[in-house]
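S.K.: Pasting the sequence and the predicted model now:
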Amino acid sequence: MSIIKIDMNSPEFIEEMEKTVKFTDKVIAQFGWAYNPEDEVNKGVQMGLARNKMMYGKRFCPCFMVDTTGEKPKSVDDRVCPCKPAIEKEIPEDGACHCGIFCTPEFAEKKRIELGLEEVAHSHSRGLTKEECALLLQKKELDGDELVSLLEARELQMVDFKLVDVREYMEWQMGHIKGTDKLVPTSSFFQTWEEANFAKDENIIVYCHVGSRSAHVARILTDNGYVNIGNLTNGIVAYPGEIER
């Protein structure tokens, strides 16, 4: 099974995207929620919902894997937008759904203020030692600053690892972390992973949009004997380094 490629400039996708935006507008109005102040987050989720509708016939949450082994595609954790966990737990308790598009008005306002105060740039002037690199690569969960430092160290040939994007082809086209070695979409994961031919003792870091699909992939790989798998905890949306578009 090859990577499924959807042309986001095609009339079919543009039409489905317009329908999806109307859908999320209705969800916002129905529940009295607000959109995330970060438009890029909202657009990414909307495009993922539109993509899943075209691929699977349902607006499965794009931050979770879809199981296609049965008669019908099924979202892992039963995530169909607006999903039950978001309605019953995530938004009431955390202020936002896992994918980040839907928020309470209070959460959205607080986020808006934080974004205004947040420093635009991150400093990575301090280089890592080889020992620090080795310790970082043992971590199961990495934040964006840690990955930036590891990529800088890799350029200096101080460390070796593979960086793998497990989002879909369309998301890859929209932007991916500079230095990514391979795209292995979750929609064709097992076949594409096998073709990549990674060794089970390689250092591998996986990432997705907000960290959910990649965390699931990390668990699968660990269960299958891969011993050095790290996950970018909050995904590409929280990554402070360079993005290739």
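M.R.: Good, I have the coordinates.

S.K.: Now S75, what are its backbone angles?
M.R.: The phi/psi pair for S75 (degrees, to the nearest 10) reads phi -70, psi 130.

S.K.: And L147, by the same measure?
M.R.: phi -70, psi -40.

S.K.: Count the neighbours of it for me.
M.R.: Neighbours of L147 under the rule other C-beta atoms under 10 Å: 23. For the C-beta atoms, the positions are set from N, CA and C on the backbone; glycine is no exception.

S.K.: Count the neighbours of F13 for me.
M.R.: 19.

S.K.: going forward, begin numbering at 317 instead of 1
M.R.: Understood, numbering begins at 317; the last thing we discussed is F329.

S.K.: Can you pull the domain assignment for the protein?
M.R.: Per automatic domain parsing, the structural domains of the chain span 327-433, 446-560.

S.K.: and the last one, how far apart are its ends?
M.R.: Spelled out, that is domain 446-560. Taking C-alpha to C-alpha, to the nearest Å as the measure, domain 446-560 stretches 27 Å from start to finish.

S.K.: That domain: how far from the chain's middle?
M.R.: Taking C-alpha atoms, centre = their mean, to the nearest Å, one finds the center of domain 446-560 at 11 Å from the center of the full chain.

S.K.: and of the domains of the chain, who's closest to K321?
M.R.: Nearest to K321 among the domains of the chain is domain 446-560; the distance by C-beta to C-beta comes to 4.8 Å.

S.K.: What average pLDDT does the closest one get?
M.R.: Domain 446-560 comes out with an average pLDDT of 94.

S.K.: is it possible to export the domains of the chain to JSON lines including distance to I319?
M.R.: Below are the domains of the chain laid out as JSON lines (distance: least, C-beta to C-beta, whole Å):
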{"stretch": "domain 327-433", "distance to I319": "12"}
{"stretch": "domain 446-560", "distance to I319": "5"}
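
S.K.: Looking at the ones you listed, which is nearest to I320?
M.R.: domain 446-560 (5.3 Å).

S.K.: quick check: longest helix of this structure.
M.R.: Longest helix in the chain, counting residues (DSSP state H): helix 327-347.
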